[in-house]
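Colleague: fold the following, please.
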Amino acid sequence: MSVLPYLVAGWLFLVGCWGMATSRNLIHAVGSLAVCQASTYVLLLAVGYRRGGTAPVYSDIRPGSRPVVDPVVQALTLTDVVVGATVTALLLALVVQVSKRHGTVDPDELRELRG
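Modeller: A predicted model of the protein is given here:
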């Protein structure tokens, strides 16, 4: 079992968090959040990976004769992709509305939003 996918997932997460923390643009912050979300795809696929595993279709092989990958993890990854795309689209739509209303996408210049 290789540790490389877990390191890649951790690196993507840290890069995305660093991008969100240092961002001076709301669009950049949304993109950084999407990078953080991509780390979960890598992590889920790394958890479900089996060396030598085949697709979990038993029409041409006997059950138990060869290792198969976990289909639940693949379904969770696809669900994660759909949720990530939806959240990114929603956040970008909010950024467009903030830009229209306030004329800027710089979070420091949005004084009216402070409590």
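
Colleague: where does this structure have low pLDDT?
Modeller: Counting by pLDDT under 70, the chain has low-confidence residues at 1, 58, 61, 112-115.

Colleague: if you set the cut-off to 80 instead, what comes out?
Modeller: For the chain, the stretches flagged by pLDDT under 80 are 1, 53-66, 68, 110-115.

Colleague: what about the helices in it?
Modeller: Applying DSSP state H to the chain gives helices spanning 4-22, 26-48, 71-102.

Colleague: for the spatially most central residue of the chain, give me its contacts.
Modeller: Centroid check for the chain by C-alpha atoms, centre = their mean gives residue 37 as the closest residue, at 1.9 Å. Residue 37 makes contact with 16, 80, 84, 87-88, according to C-beta atoms under 8 Å, 6 or more residues apart in numbering. The way it works is simple: take the backbone N, C-alpha and C, and place the C-beta from them, glycine included.

Colleague: may I see the ChimeraX selection of the buried members of these?
Modeller: In ChimeraX syntax, the buried subset of these is picked out as below (16 or more other C-beta atoms under 10 Å):
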select :16,80,84
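
Colleague: with that, I have no additional questions.
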